[in-house]
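1. Got a predicted structure here, sequence first:
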Amino acid sequence: MLVEAWQFILQHPDRFFAALLRHVELSAAALLFAIALATSSVNSTRRRSVSGGSCRLALDTTANTPHRRPSTVTGAPMAD
């Protein structure tokens, strides 16, 4: 199968390079779309403050509860 692919490239270099260029264009477009999507989802957690007309960035007011580690003490308490 690799031999056949190599023979096609040698026999039709114009078609091969046109397909290769199209592949690179589509891959670049997909990469740019993925970067834009990732960037927009990061930026959606921030919003611009409109109070007082200022343009400062303010973090979203989503409540975050701290993580707590479970107690490492097991069993009944001991008297000292």
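-> Yep, it's here.
2. those helices in this structure, which residues are they?
-> Assignment of helices within the chain using DSSP state H yields the ranges 2-11, 13-43.
3. for those, which one sits closest to Pro77?
-> Nearest to Pro77 among the helices of the chain is helix 13-43; the distance by CB to CB comes to 46.9 Å. From N, CA and C alone the C-beta is placed, and that goes for glycine too.
4. Listing request: residues of this structure with sub-threshold pLDDT.
-> 42-66, 70-71, 73, 80 (pLDDT under 70).
5. Kindly recompute the last result at 50.
-> 49 (pLDDT under 50).
6. returning to what we had before: okay, the helices of the chain in a markdown table with mean neighbour count and distance to Arg69 next?
-> A markdown table is the format used below for the helices of the chain (neighbours: other CB atoms under 10 Å; distance: least, CB to CB, whole Å):
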| stretch | mean neighbour count | distance to Arg69 |
| --- | --- | --- |
| helix 2-11 | 9 | 56 |
| helix 13-43 | 10 | 29 |
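7. I'd like to know which of these lies nearest to Gly75.
-> helix 13-43 (45.8 Å).
8. Next, the angle helix 2-11 makes with that closest one.
-> Put simply, helix 13-43 runs at 110 degrees to helix 2-11, going by axes from the mean of the first three to the mean of the last three CA atoms, to 10 degrees.
9. Mind checking the helices of the chain for the one nearest to Arg68?
-> helix 13-43 (27.3 Å).
10. okay, the helices of the chain in CSV with distance to Pro77 next?
-> Below are those laid out as CSV (distance: least, CB to CB, whole Å):
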stretch, distance to Pro77
helix 2-11, 72
helix 13-43, 47
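11. Any idea which of the ones you listed gets closest to Thr72?
-> With CB to CB as the criterion, Thr72 lies closest to helix 13-43 of the helices of the chain, at 36.1 Å.
12. Which elements pack onto that closest one?
-> Contacting helix 13-43 under the criterion 3 or more CB pairs under 8 Å, 6 or more residues apart in numbering; DSSP states H and E is no other helix or strand.
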